[in-house]
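**Q** Generate a structure from the sequence data that follows.
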Amino acid sequence: MTTLLPDTGLDLTLTPSPLAMVWTEPDRPHQLIASPGVHLAPGDALVEIEFATVCGSDVHTVRGHRSAPTPLVLGHEQVGRVVALGDGAVRADGSPLELGDRVVWSLAVSCGTCDRCRRGIPQKCRNLAKYGHERITRGWELTGGFATHVHVRAGTAVVAVSSELPAPVAAAASCATATAVAALDAASRTHDLDGALLLITGGGMVGLSAAALAVEAGAEVIVSDPDAARRSFARRIGAIPVDPLAEPGSAANLDTVLAARARRGLLEVNIAIEASGASAAVDTVISRVGVGGTVVLVGSVSPGPAVPLDAESIVRRLVTLTGVHNYTPAQLELAVAFLERSWRTVPLQELVGASYPLAELDRAIEDAASGTHVRVGVVPLAG
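**A** Numbering: from 1, shown residues only. Predicted coordinates for the structure are as follows:
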């Protein structure tokens, strides 16, 4: 049943009812709940989930490594189809959103009018809401991707994706790929990527996506990760893999690789992106970037040990040190454009391992926490 409410939106009653997995606290399993009624305000949309992936931040939350308001529907990497629309709902480019559109959407819901939105950082909106991060409230129960449907609110950047784009690739656009674009955008403010020597620490979805983007842009890219499978993938997409645990002098040691680059005229690291969150890796990127270089910190999204900072070295080397957290609507559009043109040659779908039905979300998160796969999939099945 659909009820039109003048000036206030659209009331929907769906059969069968949308389902969501609700998390309340560490060491307690998710609970499957039904949400039979959905109220769409003007500009809102209801999206039926096709596929979702488990991000590292979901794992950190479930394990209690970062605080979160509860009860909570986690998940912010997903792809789905629009099944209902509030009046005036639009895509990120301003064109009308349509029923049946296959879409991804931004992590953030932004007001568009506060000082931060006007400064071009809507992901830090004064009135920010985030999918997969908000306490369930009356009127916005379907808040995260670990559900059959998500209530996408006005103020969200929604981007259409083609039917050909594999779901595991499309889902990650809403976090990993767009964040990788944001990291390279930050680096590009001071350096042209074409011809740059770029070091990435962390071969997760963000790090490997950034590597693929940078290789496409003409950079020579080094990816440092202790996992052999991730280093192998980095090599396949055109990056140079190194092992942070490799013995000095070995072929996989960072110093050995940098020395070989120097003999070819690439004398120092121009850009360093830290995508793992490990304190040792933060120290590596800051210490290894060259004179006039730029360091972009991306991976430190949960509390960790403080990293000593040699301020004098930063000053004398003219190093630019910047943090990137989430992304803008334009960066999500660029992420989708990259995936649409490259998914056949950059097989990011291979980084997604097993997929689990929605009711087995706890198993999916446990699998993701094991580190065996870069991403784990969740499909909207109740059993």
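**Q** CA only for contacts and neighbour counts going forward, please
**A** OK.
**Q** Make sure residue 211 is indeed in a strand.
**A** No - judged by DSSP: H, G, I helix; E, B strand; the rest coil, residue 211 forms no part of a strand; its state is helix.
**Q** got the contact list for it?
**A** With contacts defined as C-alpha atoms under 8 Å, 6 or more residues apart in numbering, residue 211 is in contact with 200, 221, 223, 234, 237, 239.
**Q** if we go to 10 Å?
**A** 180, 184, 198-200, 203, 205, 217, 219-223, 234, 237-240, 273 (C-alpha atoms under 10 Å, 6 or more residues apart in numbering).
**Q** repeat for residue 316
**A** Here residue 316 is in contact with 291-292 (criterion: C-alpha under 10 Å, 6+ apart).
**Q** quick one: it from residue 333, how far?
**A** For residue 316, the distance to residue 333 (C-alpha to C-alpha, to the nearest Å) stands at 37 Å.
**Q** Likewise for residue 296?
**A** Distance from residue 296 to residue 333, by C-alpha to C-alpha: 21 Å.
**Q** Check which element follows the helix or strand where residue 331 lies along the chain.
**A** Element membership for residue 331 (DSSP states H and E) is helix 329-342. Of the helices and strands lying after helix 329-342 in sequence (DSSP H and E), the nearest is strand 352-357.
**Q** Helix or strand next in line after that next one, which one?
**A** Remark: after strand 352-357, the chain's next helix or strand is helix 361-370, criterion DSSP H and E.
**Q** what angle separates that following helix from strand 352-357?
**A** In terms of direction (axes from the mean of the first three to the mean of the last three C-alpha atoms, to 10 degrees), helix 361-370 departs from strand 352-357 by 160 degrees.
**Q** Alpha carbons only: can I get helix 361-370 in PDB?
**A** What follows is helix 361-370, C-alpha atoms only, in PDB (Å, rounded to 0.1, in the frame of the first residue of the first chain):
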ATOM      1  CA  LEU A 361      26.300 -11.700   8.700                       C
ATOM      2  CA  ASP A 362      28.200 -12.600  11.900                       C
ATOM      3  CA  ARG A 363      30.000 -15.300   9.900                       C
ATOM      4  CA  ALA A 364      30.700 -12.900   7.200                       C
ATOM      5  CA  ILE A 365      32.300 -10.400   9.600                       C
ATOM      6  CA  GLU A 366      34.300 -13.100  11.300                       C
ATOM      7  CA  ASP A 367      35.600 -14.100   7.800                       C
ATOM      8  CA  ALA A 368      36.400 -10.500   7.000                       C
ATOM      9  CA  ALA A 369      38.300 -10.200  10.400                       C
ATOM     10  CA  SER A 370      40.500 -13.100   9.500                       C
END
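**Q** who's in contact with stretch 253-262?
**A** So stretch 253-262 is in contact with 197, 199, 220, 222-224, 240-251, 264-269, 288, going by C-alpha under 10 Å, 6+ apart.
**Q** And those, which of them are buried?
**A** 197, 199, 220, 222-224, 240-244, 266, 268-269, 288 (16 or more other C-alpha atoms under 10 Å).
**Q** Please list the members of the residues you listed that lie in strands.
**A** 197, 199, 220, 222-224, 240-242, 269 (DSSP state E).
**Q** which residues in the stretch 101-250 of the chain form strands?
**A** All strands of the stretch 101-250 of the chain, identified by DSSP state E, counting those that start in this stretch, fall at 102-109, 129-130, 149-152, 156-160, 197-201, 220-224, 240-242.
**Q** Do me a favour and average the pLDDT over stretch 120-132.
**A** For stretch 120-132, mean pLDDT is 97.
**Q** for it, how far is the first residue from the last?
**A** Stretch 120-132 end-to-end distance (C-alpha to C-alpha) = 23 Å.
**Q** Then stretch 213-222?
**A** Start and end residues of stretch 213-222 are separated by 13 Å (C-alpha to C-alpha).
**Q** Then stretch 37-45?
**A** The straight-line separation of the ends of stretch 37-45 (C-alpha to C-alpha) is 14 Å.
**Q** residues in contact with the residue most central in space within the chain?
**A** The centre of the chain sits closest to residue 175, judged by C-alpha atoms, centre = their mean, with a distance of 1.8 Å. Listed by C-alpha under 10 Å, 6+ apart, the contact partners of residue 175 are 53, 55, 76-78, 105-107, 205-206, 326-327, 332, 335.
**Q** quick one: which of the residues you listed has the most company?
**A** Of all the contacts of residue 175, residue 53 has the most neighbours under the rule other C-alpha atoms under 10 Å, reaching 33 neighbours.
**Q** and the residue nearest to that residue when sequence neighbours are not counted, what helix or strand is that in?
**A** Excluding the flanking residues, the one nearest residue 53 by C-alpha to C-alpha, 6 or more residues apart in numbering is residue 377, at 4.5 Å. For residue 377, the host element (DSSP H and E) is strand 375-379.
**Q** Relative to the whole chain's centre, how far out is that strand?
**A** Distance of strand 375-379 from its chain centroid, counting by C-alpha atoms, centre = their mean, to the nearest Å, is 14 Å.
**Q** from here on, count from 6
**A** That works, and once the first residue is 6, the last one we named lands at strand 380-384.
**Q** can you give me the angle it makes with strand 357-362?
**A** Angle, strand 380-384 to strand 357-362, by the same axes, to 10 degrees: 30 degrees.
**Q** name the helices or strands packed onto strand 380-384?
**A** If contacts are counted by 3 or more C-alpha pairs under 10 Å, 6 or more residues apart in numbering; DSSP states H and E, strand 380-384 sits against strand 50-58, strand 82-90, helix 172-177, strand 357-362, helix 366-375.
**Q** No further questions, thank you.
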